[in-house]
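Undergrad: Sequence and computational prediction follow.
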Amino acid sequence: IPYFLHILYTIIPKNAIKPQFVTSKDQIIVSFQHFQNNMLYLYGVVLDQYGKMTMPVQVLDSVRASASAARRKYDFYDQVVSNDKSKIAFYIIKEVEQQSVLETYLYDHNLNFVAQQQLILNGQSSIFPQQILLGNNAQLYIASYYYHQQENQLNDKAQILKLNIKEQAIVQYNIP
């Protein structure tokens, strides 16, 4: 354990944000975020069961961010892991061409890039993701609800979105 802590101390900068770990019997995936020059970077690295790096730390994604973004939860990347731990998806809500977009990046258990998906969250009704799960088959399931801007209130309907990140397909299931 002391060696493992030493490795983490040398990998993760002191001012890192949201370090997250995915553990399995033979490896540990470490991800963390770091602000630098108005950019938020998402980093990842794979360690073996003894805490030794099996690859160099790599930048998984980055997004332009303001200083105030550090105080807002939704400006950070989050992750979800498949039950069999063979896949990991990182996601963030970005502003793209004046629209809120859920940007999702799918990686395998060795942090090899697999696919990317974008879901536009605002239109006539804004979608508010609540819970996100990643299936073993790389399907991303998003439980969400609508917000009607004209009525300035939540809709009484919820939905589950199923995103096939590899095939860029989205299926919507409405829940009354």
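TA: Nice, I can see it.

Undergrad: the strands in this structure, which residues?
TA: 17-23, 27-36, 39-48, 58-64, 78-81, 87-96, 99-108, 113-120, 125-134, 139-148, 153-164, 169-175 (DSSP state E).

Undergrad: neighbouring contacts of the last one?
TA: Judged by C-beta atoms under 8 Å, 6 or more residues apart in numbering, the contacts made with strand 169-175 from elsewhere in the structure are 119, 157-164. C-beta: built from backbone N, CA, C; applies to glycine.

Undergrad: about what we covered before: need the least confident one among the strands of the chain, by mean pLDDT.
TA: Per-stretch mean pLDDT for the strands of the chain is lowest at strand 153-164 (a mean of 74).

Undergrad: how about the strands of the chain in JSON lines, adding distance to residue 11 and mean neighbour count?
TA: Compiled in JSON lines, the strands of the chain are given as follows (distance: least, C-beta to C-beta, whole Å; neighbours: other C-beta atoms under 10 Å):
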{"stretch": "strand 17-23", "distance to residue 11": "9", "mean neighbour count": "15"}
{"stretch": "strand 27-36", "distance to residue 11": "7", "mean neighbour count": "19"}
{"stretch": "strand 39-48", "distance to residue 11": "6", "mean neighbour count": "19"}
{"stretch": "strand 58-64", "distance to residue 11": "11", "mean neighbour count": "15"}
{"stretch": "strand 78-81", "distance to residue 11": "17", "mean neighbour count": "19"}
{"stretch": "strand 87-96", "distance to residue 11": "17", "mean neighbour count": "19"}
{"stretch": "strand 99-108", "distance to residue 11": "17", "mean neighbour count": "18"}
{"stretch": "strand 113-120", "distance to residue 11": "20", "mean neighbour count": "15"}
{"stretch": "strand 125-134", "distance to residue 11": "24", "mean neighbour count": "16"}
{"stretch": "strand 139-148", "distance to residue 11": "28", "mean neighbour count": "17"}
{"stretch": "strand 153-164", "distance to residue 11": "31", "mean neighbour count": "14"}
{"stretch": "strand 169-175", "distance to residue 11": "36", "mean neighbour count": "11"}
